[in-house]
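Q: Pasting a predicted model and its sequence here:
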Amino acid sequence: NAGVTQTPKFQVLKTGQSMTLQCAQDMNHEYMSWYRQDPGMGLRLIHYSVGAGITDQGEVPNGYNVSRSTTEDFPLRLLSAAPSQTSVYFCASSSRGQFANTGELFFGEGSRLTVL
Amino acid sequence: SQQGEEDPQALSIQEGENATMNCSYKTSINNLQWYRQNSGRGLVHLILIRSNEREKHSGRLRVTLDTSKKSSSLLITASRAADTASYFCATDARTNAGKSTFGDGTTLTVKP
């Protein structure tokens, strides 16, 4: 099993550009989420999904879009990149779902984004 | 605002010593989890403790939970240089439908 796979690992954007961070998991997890981690800080939840076709906002959703068309994939879209979105982005999945809100999170290795 | 706050922010000890880090949170929780993050890597789950549990062990890890004080502690016994990492607590609040909220972490350095 590959677990949670994120691509790309590194990306440099100019202000105003758009891009999509990809996340895929092969553990048949219902729950997937995106976090951002700024230097010296913990993780802040951007968006999450409890199953295909269901998404919801986290703590810091502005400037990001998500969709969940399949169980495996949960892409994060930056609509118009801003320097404040420079961060490390982590995708995580869990066996928790719509009716079970407990379960460890499995993380990808992160996508390091710099917006100039 | 962050639900969990770790204390201390940084901890430096010698190999073989015990390391204790604490986590405080604000609202009622279903469970609390501890994660480790090695430099430049993703987070790895260490242990989960449910709100009706008071103590849990896993190898050299011991976690306690005091829901009356809204706090948890992680003890790593007989530390090793390989334990050098950042440690985060994450809480699943009762009202947040499974969303895990992370603290800012404790950076542990274990000197050989």
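A: The structure has been received and is ready for your questions. Residues are numbered from 1 along each chain as shown, chains lettered A, B, ... in the order given.
Q: Leaving out the residues flanking it, which one is nearest to the residue nearest the centre of chain A?
A: What sits nearest the mean C-alpha location of chain A, by C-alpha atoms, centre = their mean, is A:W34, with 2.6 Å. Computed as C-beta to C-beta, 6 or more residues apart in numbering or on different chains, the closest residue to A:W34 that is not its neighbour in sequence is A:I46, at 4.4 Å. All C-beta spots, glycine's among them, are computed from the backbone N, C-alpha and C.
Q: looking at it, that neighbour is touching A:Y64, isn't it?
A: Yes: assessed by C-beta atoms under 8 Å, A:I46 is found in contact with A:Y64 at 5.3 Å.
Q: before we move on, the earlier item: the residue nearest to A:W34 sits in which helix or strand?
A: Using DSSP states H and E, A:I46 falls within strand A:43-51.
Q: that older thread, give me the common contacts of A:I46 and A:Y64.
A: Both A:I46 and A:Y64 are in contact with A:W34, A:L76, where contact means C-beta atoms under 8 Å, 6 or more residues apart in numbering or on different chains.
Q: Could you check which of the two has the larger neighbour count?
A: Neighbours per residue (other C-beta atoms under 10 Å in any protein chain shown) separate A:I46 from A:Y64, with A:I46 holding more: 23 against 19.
Q: Could you list the low-pLDDT ranges of chain B?
A: B:1-4, B:95-98 (pLDDT under 70).
Q: can you confirm the residue nearest to the centre of chain A is in a helix?
A: No: counting by DSSP: H, G, I helix; E, B strand; the rest coil, A:W34 falls outside a helix, being strand.
Q: So it sits against A:R44, correct?
A: No: the criterion here is C-beta under 8 Å, and A:W34 misses it with A:R44 at 9.9 Å.
Q: list residues touching both of these two?
A: A:G58.
Q: Work out the gap between stretch B:73-88 and the centre of the chain.
A: Its chain's average C-alpha position is 10 Å from that of stretch B:73-88, according to C-alpha atoms, centre = their mean, to the nearest Å.
Q: ok, it near chain A or not?
A: Yes: using C-beta under 8 Å from any C-beta of the partner chain, stretch B:73-88 reaches chain A at B:F88.
Q: check which helix or strand covers A:A24.
A: Going by DSSP H and E, A:A24 is part of strand A:19-25.
Q: Just list the residues touching A:V12, thanks.
A: Contacts for A:V12 (C-beta under 8 Å, 6+ apart) come out as A:L113, A:T114, A:V115, A:L116.
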